[in-house]
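Asker: Have a look at this prediction, sequence included:
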Amino acid sequence: MSPRKVRLVVDMIRGKSVEQALNALHFVPKHSSVPVEKVLRSAVANALNTDAGSKLNPEDLMVKEIQVGPGPTMRRYNPGPQGRAMLIRKRSCHISIVVSDKVS
């Protein structure tokens, strides 16, 4: 999925609590909300499984920082007019999320 399409969804959840973000992602009618929701759930699980995670409460976590950057682009060709080859770029992206306490 292209970074531009994913950023539309990511901008909606930046700075919200994890509970509000998951609720918003569940009802957004964009296809990019599914991978963003998976990455957010993974970030929460990673935060809870650290040494300091035993002190964390999942309800107190919030999306502190979220970024979408370009990933590798696959190049494919379709036939074009007069025997030419038309380039198709299948874009991908890297999604990174940082979750933290509401206190810090």
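Answerer: Sure thing, it's come through. Residues are numbered from 1 along each chain as shown.
Asker: pLDDT of the helix or strand hosting residue 34, averaged?
Answerer: Per DSSP states H and E, residue 34 falls inside helix 33-48. Averaging pLDDT along helix 33-48 yields 93.
Asker: need the contact list for the closest residue to residue 76 other than its chain neighbours.
Answerer: Leaving aside its sequence neighbours, residue 76 sits nearest to residue 88 (Cβ to Cβ, 6 or more residues apart in numbering; 4.5 Å). Quick note: C-beta positions are derived from backbone N, CA and C, even for glycine. Contact analysis of residue 88 by Cβ atoms under 8 Å, 6 or more residues apart in numbering lists 75, 76, 77, 78.
Asker: Look up how far residue 79 lies from the residue nearest the centre of the chain.
Answerer: The C-alpha lying nearest the average C-alpha coordinate of the chain belongs to residue 36 (Cα atoms, centre = their mean; 3.2 Å). Noted for residue 36: a distance of 35 Å to residue 79, by Cβ to Cβ, to the nearest Å.
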